[in-house]
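Let's see this in three dimensions:
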Amino acid sequence: MGFLDLFGGKKKEAEAQKEAQEKKEAEAKSLVERQKASHEGLGWPKPMPISRIKTEGSSVEVMDDPISEERKEEIGQMIFEEKISYETIRFLSLPELLFVLTALEYYNSKEKLENFSENHRTLYNELLGRIRNAENIYCLYDAATSYPFVDNGFAYIYLEKDLAEKVSEAYRRQYRKIDVKECPAHPEGAGAESKGFFDFLYYLGIEKIVIDNGRYKARFSRSEIVAPPSVIGGDDKMNPVNPALRLAMLDFLSELRWPVKYEKRNENLAQKNGKMMTLAASAKFIVPLQYEGKADFTPDGKVKFDASTKLRFPIMKLKNGMVMLPVFTDGFEFGKRFGKDGFQGGIFGFGEILRFIQDKDGIAINPMGENILVQKDNMAMVYASSMASNKSKILNTAPKKPMSQADMIKRASAEDVAGKIIQMPLPKASEDKKEDADEGNDNN
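Down below sits the predicted model:
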């Protein structure tokens with residue numbers, strides 16, 4: 001091959017590459033023009049209301065738009081592109097990133113955008129990365145429960161404290177006592193096994209999260225930030241966690257302590273209570289105890305006692321004179337008060353616990369937390385309904401004779417607990433939280 005052939009071949013190759021590049025650019029430009037034309041007349045999104053609920057004499061509140069119309073026109077064009085690159089969005093502020101994400105979703109809902117999934121994933125991954133790398137998270141907390149505020153199953157977080165406080169003020173005008181709590185995503189000095197903010201949400205059953213509610217917002221799952229943590233103190237299979245129950249407890253308490261009246265509020269409360277008690281009936285709890293005599297702790301966390309074994313439980317005395325047995329949904333709550341005071345944690349089902357409260361007034365679920373009080377009569381109703389449901393499933397007939405409370409307590413066992421329960425009266429949700437626990441003589 002001669003020199004002319006060699007240089008001529010390279011020239012042709014360069015021309016072919018240039019031609020291919022120009023064709024690609026022309027196709028990309030054509031795509032942008034087509035997508036703009038198919039969405040012509042659509043305006044840019046605006047911030048959504050903080051909440052659809054409005055108090056008497058007021059309107060639904062909407063925050064000021066953080067993005068000017070000129071800036072929207074500038075950065076909004078990227079949703080028509082064939083491919084949104086990381087380099088294009090990395091310098092956007094969080095409100096700008098959320099605006100572009102919102103615009104992409106909104107425009108696609110009106111007329112399909114090509115490469116929507118790929119571009120959406122690029123924007124979404126950038127958002128998740130910023131949340132994962134955030135040093136501090138500002139979360140809305142409900143003063144009525146002392147836990148994150150949950151609305152329709154969603155918790156609300158922010159990366160800007162000022163915005164979180166403005167939204168908190170708006171909720172307070174709806175008679176919600178909402179505070180802003182700074183929650184380090186990774187506690188200072190924490191090791192690899194330490195629990196961070198998103199791990200804590202796992203114990204509360206909070207899996208759905210909204211960032212920047214009140215402006216342009218996005219929804220994501222807690223598990224997209226961190227995987228479910230191992231249970232404090234041991235393996236998941238040995239220790240109960242009960243995230244669904246804890247979420248139902250928070251949902252019920254938040255509604256119960258919201259000082260407003262609206263149509264069907266009682267029905268709504270009854271429904272939330274029914275869900276909470278159904279989950280409680282099928283849950284395993286940690287019960288603090290001491291014992292004298294023989295006791296066998298099985299590998300799955302159960303405890304088998306000899307007939308002569310004496311059990312000693314701490315009791316919780318309320319100001320109204322009632323005596324409750326403290327029980328805990330998980331090691332996180334158990335560790336707040338017990339575990340270092342000579343008490344062991346036995347794992348028991350609802351029916352088994354019913355046997356321990358013959359001389360008590362009921363149970364207090366997470367007394368240092370949600371402090372849900374369930375009186376003995378209500379526990380018996382839950383257990384009776386569970387037994388009836390299970391028996392009907394097995395025999396396909398209703399029980400011939402109602403059981404007495406004494407019989408139910410006598411026959412209680414963990415295996416009898418599971419099953420659907422009927423709607424029942426609201427359990428007493430005490431405002432007298434964190435009562436003192438009396439560790440005196442309480443032997444069964």
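
what ranges of the stretch 101-250 of the chain fall below the confidence cut-off?
186-195, 229-238 (pLDDT under 70).

For it, which segments count as helices?
With helices called from DSSP state H, counting those that start in this stretch, the stretch 101-250 of the chain shows them at 116-133, 161-172, 197-203, 243-256.

So which residues make contact with the strand ranked longest in the chain?
The longest strand of the chain (DSSP state E) is strand 284-292. By Cβ atoms under 8 Å, 6 or more residues apart in numbering, the residues outside strand 284-292 that reach it are 239-240, 242, 305, 309-314, 325-331, 333-334, 337-339, 342-350, 353, 356, 365, 414. For the C-beta atoms, the positions are set from N, CA and C on the backbone; glycine is no exception.

out of those residues, which are inside strands?
Taking DSSP E, the ones among those that sit in strands are 305, 310-312, 325-327, 344-349, 365.

And those residues, which is closest to residue 270?
The shortest approach to residue 270 among those belongs to residue 365, at 18.6 Å (Cβ to Cβ).

Skipping adjacent residues, who's closest to the closest one in space?
Excluding the flanking residues, the one nearest residue 365 by Cβ to Cβ, 6 or more residues apart in numbering is residue 372, at 4.3 Å.

domain assignment for the protein?
Here the domain assignment for the chain is 62-132, 134-224, 243-438, based on automatic domain parsing.

looking at these, which is closest to residue 31?
Closest among these, using Cβ to Cβ: domain 62-132, at 5.5 Å.

ok now that closest one, how far from the chain's centre?
Distance, stretch centre to chain centre, for domain 62-132: 26 Å (Cα atoms, centre = their mean, to the nearest Å).

one step back: list buried residues within the contacts of strand 284-292.
Using 16 or more other Cβ atoms under 10 Å as the burial test, the contacts of strand 284-292 include 239-240, 242, 311-314, 325-331, 333-334, 337-339, 343, 345-350, 353, 356, 365 as buried.

give me the number of residues near the closest residue to residue 342 other than its chain neighbours?
Distances taken as Cβ to Cβ, 6+ apart put residue 290 closest to residue 342, at 6.4 Å, once the chain neighbours are dropped. By other Cβ atoms under 10 Å, the residues close to residue 290 number 16.

Give me the pLDDT for residue 290.
Residue 290 carries a pLDDT value of 86.

So in terms of bridging, what pairs with it?
Here residue 290 shows beta-bridge partners residue 312, assigned using DSSP bridges.

Likewise for residue 324?
When assigned by DSSP bridges, residue 324 has beta-bridge partners residue 316, residue 362.

Who are the contact partners of it?
Residue 324 sits next to 315, 316, 317, 318, 360, 361, 362, 363, 364, 367, 373 when contact means Cβ under 8 Å, 6+ apart.

tell me which of the residues you listed is nearest to residue 199?
residue 367 (22.5 Å).

Next, format the domains of the chain as a markdown table and append distance to residue 42.
As requested, the domains of the chain are exported to a markdown table (distance: least, Cβ to Cβ, whole Å):
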| stretch | distance to residue 42 |
| --- | --- |
| domain 62-132 | 6 |
| domain 134-224 | 16 |
| domain 243-438 | 35 |
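
So which of those is nearest residue 32?
Minimum separation from residue 32 across the domains of the chain (Cβ to Cβ) falls at domain 62-132, 4.6 Å.

Near residue 264, how many other residues are there?
Residue 264 has 9 neighbours, counted by other Cβ under 10 Å.

Also residue 136?
Using other Cβ under 10 Å, residue 136 has 14 neighbouring residues.

before we move on, what about the one 5 residues further on?
By the other Cβ under 10 Å criterion, the neighbourhood of residue 141 contains 20 residues.

so how far is residue 199 from it?
Distance from residue 141 to residue 199, counting by Cβ to Cβ, to the nearest Å: 17 Å.

re earlier: possible to save the helices of the stretch 101-250 of the chain as a markdown table with distance to residue 50 and mean neighbour count?
Formatted as a markdown table, those follow (distance: least, Cβ to Cβ, whole Å; neighbours: other Cβ atoms under 10 Å):
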| stretch | distance to residue 50 | mean neighbour count |
| --- | --- | --- |
| helix 116-133 | 20 | 16 |
| helix 161-172 | 5 | 18 |
| helix 197-203 | 21 | 21 |
| helix 243-256 | 16 | 22 |
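
possible to save those as TSV with distance to residue 48?
Converted to TSV, those look like this (distance: least, Cβ to Cβ, whole Å):
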stretch	distance to residue 48
helix 116-133	17
helix 161-172	12
helix 197-203	23
helix 243-256	21
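
CA-only coordinates of stretch 280-298 in PDB, if you can.
Taking Å, rounded to 0.1, in the frame of the first residue of the first chain, the C-alpha atoms of stretch 280-298 are listed here in PDB:
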ATOM      1  CA  ALA A 280     -50.600  -6.400  68.400                       C
ATOM      2  CA  ALA A 281     -52.600  -9.600  68.600                       C
ATOM      3  CA  SER A 282     -50.200 -11.400  66.200                       C
ATOM      4  CA  ALA A 283     -47.000  -9.800  67.500                       C
ATOM      5  CA  LYS A 284     -44.100 -11.100  69.600                       C
ATOM      6  CA  PHE A 285     -43.100  -8.800  72.500                       C
ATOM      7  CA  ILE A 286     -40.100  -8.600  74.800                       C
ATOM      8  CA  VAL A 287     -41.200  -8.800  78.400                       C
ATOM      9  CA  PRO A 288     -38.600  -8.000  81.200                       C
ATOM     10  CA  LEU A 289     -38.500 -10.600  83.900                       C
ATOM     11  CA  GLN A 290     -36.500 -12.200  86.600                       C
ATOM     12  CA  TYR A 291     -37.000 -15.800  87.800                       C
ATOM     13  CA  GLU A 292     -36.200 -18.200  90.600                       C
ATOM     14  CA  GLY A 293     -36.000 -21.800  89.600                       C
ATOM     15  CA  LYS A 294     -35.600 -23.700  86.400                       C
ATOM     16  CA  ALA A 295     -35.800 -21.900  83.000                       C
ATOM     17  CA  ASP A 296     -34.800 -23.000  79.600                       C
ATOM     18  CA  PHE A 297     -34.100 -20.400  76.900                       C
ATOM     19  CA  THR A 298     -34.600 -22.100  73.500                       C
END
